[in-house]
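Chemist: next input, structure requested:
(2 chains)
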Number of protein chains: 2
Amino acid sequence: MKIALAQLNYHIGAFEKNLEKMLRAIEEARAAGANIICFAELAVCGYPPRDFLEFEDFIRRSEQSVQHLAKAAKDIAIVVGAPSRNPVVEGKDLYNSAWFLADGKVLQVQHKTLLPTYDIFDEYRYFEPATEHRVVEYKGYRIALTICEDIWNIGNENPLYTICPLDEMQAQKPDFVINISASPFSYIQARERLHVLKANTRRYGIPFFYVNHVGAQTELIFDGGSVFIAPNGKLLHEMPYFEEQLQIFELEEAFEASAKEAPQPKEKLPLIHRALVLGIRDYFQKLGFQKAILGLSGGLDSALTALLACEALGPENVLGLIMPSEFSSEHSVTDARQLAENLGMKTEMIPIEETFSAFRQTLEPCFAGLPFNVTEENLQARIRGTLLMAFSNKFGHILLNTTNKSEMAVGYGTLYGDLAGGLSVIGDIYKTEVFALSRLLNEKGEIIPQHIIEKPPSAELRPDQKDTDSLPPYEILDPILYQYIEKRQGPREIIALGFEPTLVKRILRMVNINEFKRYQTAPVLRVSPKAFGMGRRMPIVAKYLN
Amino acid sequence: MKIALAQLNYHIGAFEKNLEKMLRAIEEARAAGANIICFAELAVCGYPPRDFLEFEDFIRRSEQSVQHLAKAAKDIAIVVGAPSRNPVVEGKDLYNSAWFLADGKVLQVQHKTLLPTYDIFDEYRYFEPATEHRVVEYKGYRIALTICEDIWNIGNENPLYTICPLDEMQAQKPDFVINISASPFSYIQARERLHVLKANTRRYGIPFFYVNHVGAQTELIFDGGSVFIAPNGKLLHEMPYFEEQLQIFELEEAFEASAKEAPQPKEKLPLIHRALVLGIRDYFQKLGFQKAILGLSGGLDSALTALLACEALGPENVLGLIMPSEFSSEHSVTDARQLAENLGMKTEMIPIEETFSAFRQTLEPCFAGLPFNVTEENLQARIRGTLLMAFSNKFGHILLNTTNKSEMAVGYGTLYGDLAGGLSVIGDIYKTEVFALSRLLNEKGEIIPQHIIEKPPSAELRPDQKDTDSLPPYEILDPILYQYIEKRQGPREIIALGFEPTLVKRILRMVNINEFKRYQTAPVLRVSPKAFGMGRRMPIVAKYLN
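Modeler: So this is what the prediction gives:
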């Protein structure tokens, strides 16, 4: 029995494009002698389709794709994820289903039981959970079809559900499990995934085939890493991260004693690096854009963002604007220019003194006698945002936002200024991680000028400004933010870790009162288990810890 | 048996403030001889608390409030909504519960069974559904405690759930039902709510007491409208909309044949009017701001927004910036001034020619020879946004966004320009509704100058521009948008209604490709059944209908 896993990059709502890609994979798998080919969860429509699932027209097109695939299921069976309709009026109108297609028709449909509804997931918003669990009988094998979360109640210290679909199927004695997934990347995900899969194989004692999405959909990045695991928990094959691939596995291999484990490296920073590059590339490709623009301040955040953009899009497609003001240090321009030269990207220099001065004159009648303060700082940031957007409009660039997660968290940034942009590239990595990643990417030769990494971070919006004027050092700030954001710890718990109580309360308050800024910023490429954006939903007017 | 319904305005996370408010209501109800006082769903923490529910610290504070209320439950029983912990490791960690407090302690806790997870609701994200349903026995009565959605499977053509909590309780023969709710306003909600309540009373044949939140939490507006309904479906009392109130009802009245129906008017536009005023007022009060600023273009959207802001905050707290350019008509300034005079609000005049010219000079080296296009239009809008934010920063105003729903839908607006602002006031009402509401508010005497209502809408960003240059007339655009957004109809269904196919496809495409703009705009006060914002979740990179 040969099983093909098709780890593909789908595009949400692009039914024809997705279908063509699957048909090509079916051809290839059939030619290579595969008996079954498996596509990922909701592959026909892409994941996550979000509220498009509420459109009758969207479901109809999805069904048409499934019918088309069914016709292609000749001399090969197909497992594919697609929504299906709930014929019962009570309950949600759809199921999230694994379709088993064979002999030119739909042989069986298994619905998803465990519907993730936390962090970035909203599945119970759309789907009714399955209540029936039947193995598929095909060519003398009994196959347990499961969908992503269905197997995540095992190997989990705090299980979110009260039932386990594979427990329900045990009496039917399945020979192996196919799991079709849409499991987005975070830097801990590949490890967790293998932990869960191994816990499952150990519990049920049968081989597992697991196929995942690859590619980015707005903020969500899917890393692939599809696997074939032996009944004893041995990892027989792990498909590459961040790449499309079709691989065919021999079921019998699962029972060979000589099989060796072949895991890929799972170090945090290299994974984040590849994820961000893919995230940028797919955002542009799927929106039909080639060119990016960003402001180069001479600081590290914009330097790292430029580096990632050049890698994703090619340096010929990335333009950096250098926009010095009267408060800019001399090195801000020389460092930015050196960076651009190292990367081979173009820059334009647009000083902002004249526009800044025009604004101040225009506002003089109303602001007369009032001191220079955050208003004038924000004004400079907004002039830069406006210049970047003018280029973006005139030449068809997407503006990349360069804000890091530490700044996003405490609201250290100007709405419509440096918080502007169509995509936030490093908004899910803390400043200390920005340093670490930049150092790593410099290891094979200096790309980011060393001076950019070494100089003290500064917004350069007033004379001699440093980030540490208004923020604690990032080595203290970031761990507090991590405890609050990723770990959902409260003031009591964070203070108990040894942080200074007044500082902890001040930081938590800053995070909460800046919810309004994050509400209006670009989608953030998600690489951590808790990113700003769709996976973290906070009320703006709350009066909690502030 | 006397039942008090406390229809109160809570503040999310403001545990002490909410508790004090409830303790005052308990005092008042006890003094008036009430036997039971009912507070709304999740009243102790405010609704919706969203991801704060994932913080142990937040739950701990919520429990402390419940314990405090339990001690106050002397000579009166208290029904109050608060999260409770799920003691079982499997399943979600919390329940959404109705606590019955009496004799100084917790007498019983009933969990919510039906967890709304659609539109603006995310309850299955946090809560495990109840599996036990026990009536509360108190003073010889058997009381069925239910929480909001628990009763919404009745009177619903397409029920979302497969069970009905009150069916489960029928064998225990409850004498009456208490429902504690957090049911946000839309212009059809009051009618739907009564329909559902009446369907319930007719099915179960017992009286219903229903208590709702009132007040706004960011984009969600709660209208109150708490009710007491007789077993025969007669509406005995409906508490006022948009106001805090404590009322005490005599259970026996439910069985008096002479009781008359006393419904309030439910006309769409007057309801929207009151909702928006409350929405603005609460946004400012709960964030601790007094003053609003907005751009007065001389057009209708900013005129209506100004009127609503003056009503909500007092005209002395509203500042209008008039920011003419070379493309502004003369009447844009005179109309704006006349409006401000009618409203009694202040204005400042800040022409943008000089800053516009400074930007164009600065950009000249890069834009030389390229024609004036949407870049220069957006530039003007962003200069205005920047000026408004400068005032906001300098003097502590919140900037009100004046974009209507038709513009939001098709992306007719400039990010960081006219799409800027902390709160979108009319972003959930279509342009045709803007006209209708403005006419209504002018009925008792002209506030919005008639010329503003009558002149053709224009962005005035290039010579002689009209909205209809790039958009169909709003009388055609709005019904198409309504079918797509509110009704989730696809191109096939909308064309079948008689709209021109090319136009329909063009409009739907415009809606979809502008998702990126809506992602970055302010929270929109929700008054329709489908508003942009938390209740409508769309992928940005989708390739569906575009």
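
Chemist: drop to CA atoms for contacts and neighbour counts, all remaining ones
Modeler: Fine.

Chemist: how's chain A carved up into domains?
Modeler: Following the assignment in automatic domain parsing, chain A carries domains at A:2-252, A:272-467+A:513-519.

Chemist: would you convert the ones you listed into JSON lines that also reports mean neighbour count?
Modeler: Below are the domains of chain A laid out as JSON lines (neighbours: other C-alpha atoms under 10 Å in any protein chain shown):
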{"stretch": "domain A:2-252", "mean neighbour count": "21"}
{"stretch": "domain A:272-467+A:513-519", "mean neighbour count": "20"}
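
Chemist: save those as TSV, and put in distance to A:Met538 too.
Modeler: Formatted as TSV, the domains of chain A follow (distance: least, C-alpha to C-alpha, whole Å):
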stretch	distance to A:Met538
domain A:2-252	12
domain A:272-467+A:513-519	7
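
Chemist: minimum distance to chain B: which of the ones you listed has it?
Modeler: domain A:2-252 (4.1 Å; C-alpha to the nearest C-alpha).

Chemist: in the stretch 151-300 of chain A, where is pLDDT below threshold?
Modeler: Within the stretch 151-300 of chain A, no stretch has pLDDT under 70.

Chemist: rerun at 90
Modeler: Residues of the stretch 151-300 of chain A that meet the criterion pLDDT under 90 lie in A:155-157, A:256-263.

Chemist: what residues does it put near chain B?
Modeler: Contacts of the stretch 151-300 of chain A with chain B, taken as C-alpha under 8 Å from any C-alpha of the partner chain, map to A:158-162, A:217-218, A:283, A:286-287.

Chemist: just these now: which is nearest A:Gln520?
Modeler: A:Thr218 (15.6 Å; C-alpha to C-alpha).

Chemist: mind listing what the closest one touches?
Modeler: By C-alpha atoms under 8 Å, 6 or more residues apart in numbering or on different chains, the contact set of A:Thr218 is A:279, A:282-283, A:523, A:525, B:539-541.

Chemist: SS state for A:Gln483?
Modeler: helix (DSSP: H, G, I helix; E, B strand; the rest coil).

Chemist: contacts only, for it.
Modeler: Counting by C-alpha under 8 Å, 6+ apart, the residues that A:Gln483 touches are A:489, A:494.

Chemist: A:Asp301 too?
Modeler: A:Asp301 neighbours (C-alpha under 8 Å, 6+ apart): A:402-404, A:426, A:434.

Chemist: try 7 Å
Modeler: Taking C-alpha atoms under 7 Å, 6 or more residues apart in numbering or on different chains, we find A:Asp301 in contact with A:402-404.

Chemist: A:Glu250 and A:Lys2 touch, don't they?
Modeler: Yes: contact criterion C-alpha atoms under 7 Å: A:Glu250 and A:Lys2 qualify, at 4.7 Å.

Chemist: after the strand or helix carrying A:Glu407, next one along is what?
Modeler: When elements are assigned from DSSP states H and E, A:Glu407 belongs to helix A:405-410. Going down the chain from helix A:405-410, the next helix or strand is strand A:423-424, by DSSP H and E.

Chemist: and that next one, what's its mean pLDDT?
Modeler: The average pLDDT within strand A:423-424 is 98.

Chemist: quick one: it near chain B?
Modeler: No: Strand A:423-424 is not in contact with chain B by C-alpha under 7 Å from any C-alpha of the partner chain; minimum separation 9.5 Å.

Chemist: to the chain's geometric centre, what's the distance from that strand?
Modeler: Counting by C-alpha atoms, centre = their mean, to the nearest Å, strand A:423-424 is centred 11 Å from the centre of its parent chain.

Chemist: need the next SSE after that strand, C-terminal direction.
Modeler: helix A:431-441.

Chemist: name the helices or strands packed onto that following helix?
Modeler: On a contact count with 3 or more C-alpha pairs under 7 Å, 6 or more residues apart in numbering or on different chains; DSSP states H and E, helix A:431-441 meets helix A:474-485.

Chemist: please identify the buried residues of the very next helix or strand once past the helix it packs on?
Modeler: Scanning forward in sequence from helix A:474-485 by DSSP H and E, the next helix or strand is helix A:491-496. Using 16 or more other C-alpha atoms under 10 Å in any protein chain shown as the test for burial, helix A:491-496 gives A:491, A:494-495.

Chemist: and for helix A:491-496, what's in contact with it?
Modeler: Against helix A:491-496 from outside (C-alpha under 7 Å, 6+ apart): A:480, A:483, A:501, A:504-505.

Chemist: just the pLDDT for the residue nearest to A:Lys346 when sequence neighbours are not counted.
Modeler: Ranked by C-alpha to C-alpha, 6 or more residues apart in numbering or on different chains and with sequence neighbours excluded, the top spatial neighbour of A:Lys346 is A:Leu319, at 5.2 Å. You'll see A:Leu319 listed with a pLDDT of 98.

Chemist: what is the three-state secondary structure of A:Leu319?
Modeler: strand.

Chemist: pretty sure it contacts A:Leu343?
Modeler: No: using C-alpha under 7 Å, A:Leu319 is not in contact with A:Leu343; the gap is 11.0 Å.

Chemist: what distance do you get for A:Lys487 to chain B?
Modeler: Distance, A:Lys487 to chain B, using C-alpha to the nearest C-alpha, to the nearest Å: 9 Å.

Chemist: any idea how far that residue is from A:Ser302?
Modeler: Look at A:Lys487 and A:Ser302: by C-alpha to C-alpha, to the nearest Å, they are 28 Å apart.

Chemist: farthest pair in the contacts of helix A:491-496?
Modeler: Taking C-alpha to C-alpha, no two of those sit farther apart than A:Gln483 and A:Pro501, at 13.9 Å.

Chemist: show residues contacting stretch A:275-294.
Modeler: By C-alpha under 7 Å, 6+ apart, stretch A:275-294 touches A:215-218, A:221, A:308-309, A:311-313, A:317-321, A:388, A:392, A:396-400, A:425, A:525, B:541.

Chemist: my read is A:Ser297 is in a helix, agree?
Modeler: No: with three-state DSSP as the criterion, A:Ser297 is assigned coil and is not in a helix.

Chemist: could you pull up phi and psi at the closest residue to A:Gln465 other than its chain neighbours?
Modeler: Using C-alpha to C-alpha, 6+ apart and skipping residues adjacent in sequence, the residue nearest A:Gln465 is A:Ser458, 5.9 Å away. Torsion angles at A:Ser458 (phi, psi; degrees, to the nearest 10) stand at phi -150, psi 140.

Chemist: could I get the pLDDT score of A:Ser458?
Modeler: 90.

Chemist: before we move on, back to that, so the residue nearest to A:Lys346 bridges to which residues?
Modeler: A:Ile293, A:Lys346 (DSSP bridges).

Chemist: residues touching it, list them.
Modeler: A:Leu319 touches A:292-294, A:345-347, counting by C-alpha under 7 Å, 6+ apart.
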